[in-house]
Structures are given as C-alpha cells and as structure tokens.
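Enquirer: pasting the sequence and the predicted model now:
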Amino acid sequence: MSVVLVALGVIAGTALLLLATAIAFLVVGIRTQNPRILGVVRRFNRSVTNRAQLRTAGKKGAAMGLLHHRGRTSGRAYVTPIGPSPEPGGFAVVLPYGPDTDWLRNLRAAGSGVLRFDGRTYRVDRPEVVPIGETVLVEREAATIRFFKVENALRLRATEFPGESVPDS
C-alpha cells in the first residue's frame, strides 16, 4: 500500500512540476515577447484552448467573444475567440501576444469583421492598435497587464446588428 502512495505522490509531484513549468514558460514568453515562445503558445492555443472556448464564447454571460474574420490572402472564413471589454463606441481587446497575431493581421487587412459577444452580434471596424493605457482595460485588467507587461490593446468601433444571426464578415 505504501508503494502505491509513493507512486501517486511522485506522479502528482511530476504533474505539478510540469504545470508550474508551463506557466513559467507562458509568463516569460509574454513578458519578453520572445517570438519562439509566443509561437509555441499560439500553436497550443489554436489547437487546444481556442477549440474549447468555441463552445461557449459569444453566448450571453460568457467572458469571451467570437470574432468572425476573413483570411487576408486566402479569403477563408475564420472564427477566433477573443476577450473584448466594452468601452464607449466599441470594444478594447488585450493583446498579450502583441499586434502580429494572424487574426489581427486578417482583421486589419479587411478593415472589419463581426463580433459575437454576450449573446449579441456587432459589426466591428477601424481596428487600431493603441497603448493599453488609453483603454478601459487599464482599470479592468490592471493586475494582468502588470503581471504580463502587456503594452498594447486593440480598439474596435462597433455597431450592433439586430437579431441573432452572424452576417457574412
């Protein structure tokens, strides 16, 4: 019986060590904007985290929204979970990976997209990368911004669509 407990302790300790290492990797990558680390984190998010968030994002009461946008070269339709914060005239979005993510490059190239957030649908346009201190995020996300040393945010102007459907972006 004690061998089983020791084995379980080793497994639990190893799992905690791996989790702590992954969190440290994430924090260092975002704080330093290291392209290699950010690439790993983006790929993980694209294949794991984003897929999980697609189930609830955009629905009433969800913290995450769904951004519908088109590929800048392929024209393909994409849906990306983002964390918008309402501000006068639109939304602000924290950019922990910086302004060079694919979804943001697509949105900037198109000039507009469609955001499903809190059960409502918005046309978003005029995407503008601004210092995070110029947005509502500086108050709402202060601890996270300081911890990760996030400098930029995305400002989007928004117009609400009537009804539930998501129009072509």
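Expert: Everything's here; your move.

Enquirer: host element of Lys60?
Expert: Counting by DSSP states H and E, there is no helix or strand that carries Lys60.

Enquirer: check contacts around the nearest residue to it once chain neighbours are set aside.
Expert: Of all residues not flanking Lys60 in the chain, Gly119 sits nearest, at 3.3 Å (CB to CB, 6 or more residues apart in numbering). Heads up, the C-betas are built off the backbone N, CA and C, glycines and all. With contact taken as CB atoms under 8 Å, 6 or more residues apart in numbering, Gly119 is in contact with 58-61.

Enquirer: kindly report the same for Gly111.
Expert: Neighbour list for Gly111: 125-127 [criterion: CB under 8 Å, 6+ apart].

Enquirer: turn the residues you listed into a markdown table, including distance to Ile30.
Expert: Shown next, in a markdown table, are the contacts of Gly111 (distance: CB to CB, whole Å):
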| residue | distance to Ile30 |
| --- | --- |
| Asp125 | 27 |
| Arg126 | 26 |
| Pro127 | 21 |
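
Enquirer: which phi and psi does Tyr78 have?
Expert: phi -130, psi 150 (degrees, to the nearest 10).

Enquirer: quick one, helices of the protein?
Expert: Using DSSP state H, the helices of the chain run over 2-32, 35-44, 50-53, 102-110, 137-140, 142-148.

Enquirer: list the buried ones in the longest strand along the chain?
Expert: Looking across the chain with DSSP state E, the single longest strand is strand 120-131. For strand 120-131, a neighbour-count test (16 or more other CB atoms under 10 Å) marks 120-124, 127, 129 as buried.

Enquirer: give me the sheet partners of it and which way each runs.
Expert: Strand 120-131 has its sheet partners listed here by DSSP bridges as strand 112-117 (antiparallel), strand 152-161 (antiparallel).

Enquirer: report the angle between the longest one and helix 102-110.
Expert: Angle between the axes of strand 152-161 and helix 102-110 is 60 degrees (criterion: axes from the mean of the first three to the mean of the last three CA atoms, to 10 degrees).
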